[in-house]
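**Student:** Give me the fold of what follows.
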Amino acid sequence: MKQLDPPIPDPDWQGHVIAESTGFRWLAVRQLFNWRLVGVAVDAEPMDGATWGWCYTDPHALAAAVGIWNPDVQDEPLGWHKRPTDTIRKAPRRAEDPEYNRARCIHGNYIDTSTACGHDPYCPDFASSRRQAASMTAR
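**Tutor:** From the prediction side, this is the model:
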């Protein structure tokens, strides 16, 4: 991914293009209570909307995540607390980094290494994994 310094203002998104990768522009957009990293296809019309998105608590966390993320082999960036898009992004060459591309809850926490979600004690993904583990041990 190529980071842009300085970022380029985007009036359609009311944010800044902070990076570019194959086929996508990555924008930092200020929301009411958080910052959102959005992936917009290069050939998309302004009304098409974002293809991918992740919410961050502050712009520094967003910028740091973009700085270390490789979207060609890593499904999603690190450090987000909400995925506002319905589908989970799959990197084109995700098999090259299986450790990074493990299952996450809807708040970005790895399910296989945590006992609870760090953002929501009632996270449905952790509730589901606890039910599965309980059914396996009951057998």
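**Student:** CA-only coordinates of the longest strand along the chain in PDB, if you can.
**Tutor:** Determined from DSSP state E, the single longest strand within the chain is strand 2-10. Provided in PDB are the C-alpha atoms of strand 2-10 (Å, rounded to 0.1, in the frame of the first residue of the first chain):
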ATOM      1  CA  LYS A   2       1.200   3.500  -0.800                       C
ATOM      2  CA  GLN A   3       0.700   6.000   1.900                       C
ATOM      3  CA  LEU A   4       0.100   9.600   0.800                       C
ATOM      4  CA  ASP A   5       1.900  12.400   2.500                       C
ATOM      5  CA  PRO A   6       0.300  14.800   2.700                       C
ATOM      6  CA  PRO A   7      -3.200  13.200   2.500                       C
ATOM      7  CA  ILE A   8      -5.400  14.500  -0.400                       C
ATOM      8  CA  PRO A   9      -8.800  16.100   0.500                       C
ATOM      9  CA  ASP A  10     -11.800  14.300  -1.000                       C
END
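**Student:** hmm, who's touching that strand?
**Tutor:** With contact meaning Cβ atoms under 8 Å, 6 or more residues apart in numbering, strand 2-10 is reached by 15-21, 25, 27-28, 66-67. Just so you know, the C-beta spots here come from the backbone N, C-alpha and C atoms, and that holds for glycine as well.
**Student:** nearest to A41, of these?
**Tutor:** Nearest to A41 among the contacts of strand 2-10 is R25, at 8.0 Å by Cβ to Cβ.
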